[in-house]
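S.K.: fold the following and give me the result.
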Amino acid sequence: MRHLLLIALMLFALPAAANAQEQAQEVRPEHGVAMHGGLKYGPDYTHLSYVNPAAPKGGTLKLHTIGSFDSLNPFIVKGSPAAGMSFIRSSMLYSSLMQNTLDEPFSLYGIVAESIEMPEDRSYVTFNLREGARWHDGKPITAADVKWTFNALVEKGAPFFRAYWGDVENVKIENDRRVTFTFKRAGNMELPLIIAEMTILPKHYWEEKDANGNNVREFGDSSLAPPLGSGPYKIAEVKPGHSITYTRAENWWGADHPYFKGMYNFDRIQFDYYRDNNVALEAFFAGEYDVREENTAKLWHTSYENASAVKSGEIIKEEIDNTRPAGMQGFVYNIRRDVFKDPAVREALAYAYDFEWANKQFAHGTYTRTRSYFENSELAAKGLPKGRELEILQQYAGQIPARIFTDEYFPPVTKGDGNNRQNLRIAMELLDKAGYEMDEDGVRSKDGVRLEFEILGSNPVFERWVLPFTQSLERIGVAANFRIVDSAQFQNRINEYDYDMTIGTFGQSNSPGNEQRDFWGSEKADIPGSRNLIGVKDQVVDALIETIIHAHNREELVASVRALDRVLLWHHYVIPMWHYPKWRIAHWENIQRPDNLSGISPAIATTWWHKE
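M.R.: Residues are numbered from 1 along each chain as shown. Below you'll find the model as predicted:
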């Protein structure tokens, strides 16, 4: 009888074993991976579609940035990192396991990793490292470097990394060129891809010891010592707070990789720092740097037209349509502050912002009002919820604002003639209803909480947009002032959530995922340095983030993101500002660009070149 039972168990196990073996055989090395659907570029691709594969090499590209820097470590909270130092993904100095393209929603191709392996449920991911990938000191990039990087960034890096990679359970080195990440649970569709984007750091460099056995350098420290990299450029010169210059790395291992064909065409790239935007613009007209992306509409329509180099054609001025998701830029409430805890107050103050008038006065009417956290993309919520999006939201009926189901969100609108009385009247009615009464000094208060606050900023350009807003607030019994601080102080205060309101931007991609935890996740609200600037702690928001992360197809992802968008909008966490669906780019004629720029990024330092 025992033998019959054993035979039966063996026969039962055979199909299961066969299925397991079949599934294992399905996990094979691939040259690239897509979040959903297939890849645009096959294993034999020769170059990407938005480059000029015949672009000449040579020359210097000089760019500018505003502010200052005091660190060459972009991976930690401390310090302000220099331009060109990537936070994640490949950069001029570093290489990543894989790199995303700019003409697909979310697809990656092997860089340090020549191939990727993962099962259908994405419960783990394995990377096979490229044999020739090397650090600038000639040593090979190994699986030990990959594991060390992950641990260092999670333990000592910015809070972003802990949020981004929070579902990783284990990192196993299979051999020098093979490493596997296993996850706490299956179904996090994006996680293998965002692990693949990881910038790899050199373990031997950061663990180097002195004669006494102490570490020569600590990863968690802010430093201006040029670190060891593996990318197309090395740091050639650092002038703290003034400039940083990169020079082409000789015999770079990735020079012949098809992904980089037509890229990294300049021998040197220099970033010059300016304290003031107006000074920087005059420096551009004087030929101090080569290319400028203009973000100020007024300057674009006035100063450029009067510049002699523009008139002569030496500077080429272009407006280029793009398809980049605009995300959300706005006045950001810090709801950790008592003054902004009531959503009714947050909604009321939005009626004091006259965008239409300001747009005419300061931007020649060119800006478009933003009304979504995922603006300029198919992910933006429009109309009333329906279909799968409605099904998702109905699960939380009674826990989310009821207007989500009955009204489409629009920021308050004015006629743009400078007469904002009607909206100010609505604002006062909302504040009255919320119980805020006018005191003798003309400032409203309720239960000892006065409606007064500071708007923290670092860019003086915003002053002309903010002052009319504060004047309107004063008319309804709200005392607000705009305070501009230097970039270092601004960043420190943002990291510590030491502000009432600020002007902030929440950038988005065409494939949102794990980074949403850092933007709005409850766990990040009280961790210094996270991107949860608002201080959102909401169980429904947390649940919707997880729905996005575990979406198994594009349709489910879009519906989930739109649902999150509506919930965020109707909580009135920000007063939306504007976006502009074009790049305003001016460049000296000796700098040329590809004809077919990606709609996501102009990729100036990456794909442009110096005219021969």
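S.K.: can you list the domains in this protein?
M.R.: What automatic domain parsing lists as the domains of the chain is 276-322+581-612, 336-579.
S.K.: any idea which of those domains is most buried?
M.R.: Sort the domains of the chain by mean neighbour count, taking mean count of other CB atoms under 10 Å, and domain 336-579 sits at the top with a mean of 18. Heads up, the C-betas are built off the backbone N, CA and C, glycines and all.
S.K.: contacts only, for Leu61.
M.R.: Phe266, Arg268, Ile269, Gln270, Asp290, Val291, Ile591, Ile604, Ala605, Trp608, His610 (CB atoms under 8 Å, 6 or more residues apart in numbering).
S.K.: could you do Phe506 as well?
M.R.: Applying CB under 8 Å, 6+ apart, we find Phe506 in contact with Gly327, Met328, Gln329, Tyr373, Phe519, Arg531.
S.K.: can I get the domains of the chain in a markdown table with distance to Pro258 and mean pLDDT?
M.R.: Formatted as a markdown table, the domains of the chain follow (distance: least, CB to CB, whole Å; pLDDT from 0 to 100):
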| stretch | distance to Pro258 | mean pLDDT |
| --- | --- | --- |
| domain 276-322+581-612 | 14 | 94 |
| domain 336-579 | 23 | 96 |
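S.K.: among those, which comes closest to Pro105?
M.R.: With CB to CB, the closest approach to Pro105 among the domains of the chain belongs to domain 336-579: 4.3 Å.
S.K.: sorry, back to before: among the contacts of Leu61, name the ones in helices.
M.R.: Ile604, Ala605 (DSSP state H).
S.K.: which one of the contacts of Leu61 is nearest to Gly418?
M.R.: Val291 (36.8 Å).
S.K.: you'd agree that closest one is up against His610?
M.R.: No - counting by CB atoms under 8 Å, Val291 sits too far from His610 to count as a contact (11.2 Å).
S.K.: returning to that earlier point: reformat the domains of the chain as a markdown table; add distance to Leu48.
M.R.: Shown next, in a markdown table, are the domains of the chain (distance: least, CB to CB, whole Å):
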| stretch | distance to Leu48 |
| --- | --- |
| domain 276-322+581-612 | 8 |
| domain 336-579 | 17 |
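S.K.: residue contacts, the most centrally placed residue in the chain?
M.R.: The residue lying closest to the centre of the chain (CA atoms, centre = their mean) is Gly507, at 4.8 Å. Neighbour list for Gly507: Pro325, Gly327 [criterion: CB under 8 Å, 6+ apart].
S.K.: quick one on the thing from earlier: among the domains of the chain, which is nearest Phe181?
M.R.: domain 336-579 (13.5 Å).
S.K.: the domains of the chain: which one's closest to Asn214?
M.R.: Among the domains of the chain, domain 336-579 comes nearest to Asn214, with 27.3 Å by CB to CB.
S.K.: start to end distance for the closest one?
M.R.: Start and end residues of domain 336-579 are separated by 27 Å (CA to CA, to the nearest Å).
S.K.: I'd like the numbering to begin with 7 instead of 1 from here.
M.R.: Happy to do that; since the first residue is 7 now, the last one works out to domain 342-585.
S.K.: shared neighbours of Val297 and His616, anything?
M.R.: Counting by CB under 8 Å, 6+ apart, the shared contacts of Val297 and His616 are Leu67, Ile597.
S.K.: coming back round to it: closest to Ala217 out of the domains of the chain?
M.R.: domain 342-585 (35.0 Å).
S.K.: next one: the closest one to chain centre, how far?
M.R.: Mean-position distance between domain 342-585 and its chain equals 18 Å (CA atoms, centre = their mean, to the nearest Å).
S.K.: repeat that for stretch 589-596.
M.R.: The answer for stretch 589-596 is 24 Å, by CA atoms, centre = their mean.
S.K.: residues touching that stretch, excluding its own?
M.R.: Counting by CB under 8 Å, 6+ apart, 65, 290, 293, 296-301, 303, 306, 310, 315-316, 319-326, 328, 599, 608, 610, 614, 616-617 sit against stretch 589-596.
S.K.: tell me the one of the contacts of Leu67 nearest Glu397?
M.R.: Ile610 (43.2 Å).
S.K.: list the contacts for the closest one?
M.R.: Ile610 touches Leu67, Leu69, Val297, Glu299, Ile591, Arg599, counting by CB under 8 Å, 6+ apart.
S.K.: now the last one, nearest residue through space, not along the chain?
M.R.: Counting by CB to CB, 6 or more residues apart in numbering, Arg599 lies nearest to Trp614, which is 4.8 Å off, once chain neighbours are set aside.
S.K.: contacting residues for that neighbour?
M.R.: Counting by CB under 8 Å, 6+ apart, Trp614 makes contact with Leu67, Asn271, Phe272, Val297, His593, Ile597, Gln598, Arg599, Pro600.
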